[in-house]
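Undergrad: got a sequence here, can you build the structure:
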Amino acid sequence: MSAAYASRYKAVFLCTHPKGPKMSRQQAAKYMRKSKTFVTKWVNRYLEVKNVDDLPKRGTTPKITTLTLVYR
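TA: Sure thing, here's the model as predicted:
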């Protein structure tokens, strides 16, 4: 697990997990030395989709291949 995912799950655990300390978002942010916005964003995301993964990016993926780059 990457450090980014670990800190996201830590924020969720501190605020919402049944076996966690049930900290407020402000307390969790101070404890983790992160912003309250960070904690709020990931707790809300977890409550909505039960996951802290990044959402898929919008739009279509580029259709450029290495073959296209060679012929340009």
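
Undergrad: chain neighbours aside, what residue packs nearest to the residue nearest the centre of the chain?
TA: When the chain is reduced to its mean C-alpha position, the nearest residue by Cα atoms, centre = their mean turns out to be residue 52, at 4.5 Å. Spatially, and ignoring its direct neighbours in sequence, residue 52 is nearest to residue 8 (4.0 Å; Cβ to Cβ, 6 or more residues apart in numbering). For every residue, glycine as well, the C-beta is placed using N, CA and C.

Undergrad: which helices and strands sit right next to whatever helix or strand that neighbour lives in?
TA: According to DSSP states H and E, residue 8 maps onto helix 3-16. Counting contacts by 3 or more Cβ pairs under 8 Å, 6 or more residues apart in numbering; DSSP states H and E, helix 3-16 packs against helix 25-32, helix 36-49.

Undergrad: what residues of that helix count as buried?
TA: For helix 3-16, the neighbour count (16 or more other Cβ atoms under 10 Å) marks 7-8, 10-15 as buried.

Undergrad: and if you look at stretch 31-42?
TA: So, applying 16+ other Cβ under 10 Å, buried residues of stretch 31-42: 34, 38-40, 42.

Undergrad: perfect, that will be all.
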